[in-house]
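In: Sequence and predicted structure, then a few things I'm wondering about:
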Amino acid sequence: MRFGHAKERPDLAQLIYLLTVSADGNVPITYRLADGNTPEDPTHIATWQSCRELAGRTDFLYVSDAKLCNRDAMGHIDRHHGRFLTVMPATRAEV
């Protein structure tokens, strides 16, 4: 594992801790660690896949921050008949 650095605090090392919780009580469902310099955008595909395998279905609602709002991740979930809710950044043409 390599350490990255926080943009706000370049003096601090960081790693990415990806945690997925349930909506009914914040019960941890999946987690994994990534290098601190890992971009967050592509992590959603693997996280959604893990949730899909655990649930054994795709009709759950995957809720995420704006990092999910990219063509690859949203397209992957849509192609597999999944549902998602995310924040759309003002930089998107659809806004």
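Out: Great, that's in hand.
In: going on from the helix or strand of the chain with the lowest mean pLDDT, what's the next piece of helix or strand?
Out: When the helices and strands of the chain are scored by mean pLDDT, DSSP states H and E, strand 4-5 comes last with a mean of 66. As assigned by DSSP states H and E, the chain's next helix or strand after strand 4-5 is strand 13-14.
In: Direction included, what does that following strand pair up with?
Out: strand 4-5 (antiparallel) (DSSP bridges).
In: Find the nearest non-adjacent residue to Leu68, please.
Out: Thr86 (4.2 Å; Cβ to Cβ, 6 or more residues apart in numbering). For the C-beta atoms, the positions are set from N, CA and C on the backbone; glycine is no exception.
In: In three-state terms, label the residue nearest to the spatial centre of the chain for me.
Out: Central residue of the chain (Cα atoms, centre = their mean): His44, 3.5 Å from the mean position. Here His44 is recorded as helix under DSSP: H, G, I helix; E, B strand; the rest coil.
In: got a list of what it touches?
Out: Tyr62, Ser64, Lys67, Leu68, Ala73, Ile77 (Cβ atoms under 8 Å, 6 or more residues apart in numbering).
In: do Ala23 as well
Out: Leu61, Val63.
In: avg pLDDT for the helix or strand containing Arg52?
Out: Arg52 is located in helix 43-55, with elements delineated by DSSP H and E. Across helix 43-55, pLDDT averages out at 95.
In: Neighbours of the residue nearest to Leu68, how many?
Out: Other residues near Thr86 come to 18 when the count uses other Cβ atoms under 10 Å.
In: Dihedrals phi and psi, the residue of the chain positioned farthest from its centre?
Out: Most distant residue from the mean C-alpha position of the chain: Asp11, 25.6 Å away (Cα atoms, centre = their mean). The phi/psi pair for Asp11 (degrees, to the nearest 10) reads phi -80, psi -10.
In: try Tyr31
Out: Taking degrees, to the nearest 10 as the convention, Tyr31 sits at phi -160, psi 160.
In: start at 636 instead
Out: With 636 as the first residue, the last one maps to Tyr666.
In: quick one: it and Thr678 touch, right?
Out: No. Using Cβ atoms under 8 Å, Tyr666 is not in contact with Thr678; the gap is 11.7 Å.
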